[in-house]
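Asker: Quick one, fold the following:
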Amino acid sequence: MKRALKRWWVYLAAVPLADGKSAFRLGRSVDLAATLKQVQEASPARIAKVWTMPTCSERAAHAAVAGMASALGEYWQHGSWLHMRTDQDADKGAMRSAMEAAGAHADWPDGAGGKCWREFRLDG
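Answerer: Below is the predicted model:
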């Protein structure tokens with residue numbers, strides 16, 4: 001019997017903070033809904049938005065996360081959370097560039113119309 005290949009997801013969850021800042025959690029998962037539920041339960045504030053990107057393997061997901069983590073290194077705080085000023089063009093540009101670069105690892109079955117990331121709706 002062949003073993004089914006698992007789809008790995010890269011996610012970026014945004015939590016708004018005060019004064020134009022947001023905290024972001026970047027990670028990878030096979031079970032996206034369960035992982036985001038755990039992230040929400042561990043977060044003191046409600047996740048406002050989540051972007052997701054499927055990859056074809058754990059290696060591709062790891063490469064996407066590692067590339068973004070490296071590109072956004074100056075923003076990392078509190079372990080797995082990074083903090084940015086979402087009202088600053090430089091910070092928004094850094095995030096946009098990191099997300100575009102990570103998009104090289106995207107594997108949407110339908111091609112996603114050229115978009116690498118899609119919004120994920122949190123229930124509840």
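Asker: Now do the same contact list for the closest residue to Thr35 other than its chain neighbours.
Answerer: Take Thr35 and drop its neighbours on the chain: the residue closest to it by CB to CB, 6 or more residues apart in numbering is Ser29, 3.8 Å away. (C-beta placed from N, C-alpha, C; glycine too.) If you count contacts by CB atoms under 8 Å, 6 or more residues apart in numbering, Ser29 has them with 8-9, 11, 35-36.
Asker: cutoff 10 Å now
Answerer: Each residue near Ser29 by CB atoms under 10 Å, 6 or more residues apart in numbering is listed here: 7-11, 35-36, 38-39, 52, 61.
Asker: now swap in Lys115 and tell me
Answerer: Contacts of Lys115 by CB under 10 Å, 6+ apart are 53, 103, 106, 108.
Asker: Bridge partners for the residue nearest to Thr35, pull those for me.
Answerer: Applying DSSP bridges to Ser29 gives these bridge partners: Trp9.
Asker: Now do the same for it: its pLDDT.
Answerer: According to the prediction, Ser29 has pLDDT 96.
Asker: neighbours of Met53, just the number please.
Answerer: Look at Met53: counted by other CB atoms under 10 Å, it has 26 neighbours.
Asker: so it sits in a strand?
Answerer: Yes - counting by DSSP: H, G, I helix; E, B strand; the rest coil, Met53 is part of a strand.
Asker: looking at the contacts of Lys115, which has the most residues close by?
Answerer: Met53 (26 neighbours).
Asker: what pairs with that one across the strands?
Answerer: Val10.
Asker: May I have the strands that pair with the least confident helix or strand in the chain by mean pLDDT, each with its orientation?
Answerer: In the chain, no helix or strand scores lower on mean pLDDT, DSSP states H and E than strand 76-77, which sits at a mean of 83. Partners of strand 76-77 in the sheet, by DSSP bridges, are strand 81-85 (antiparallel).
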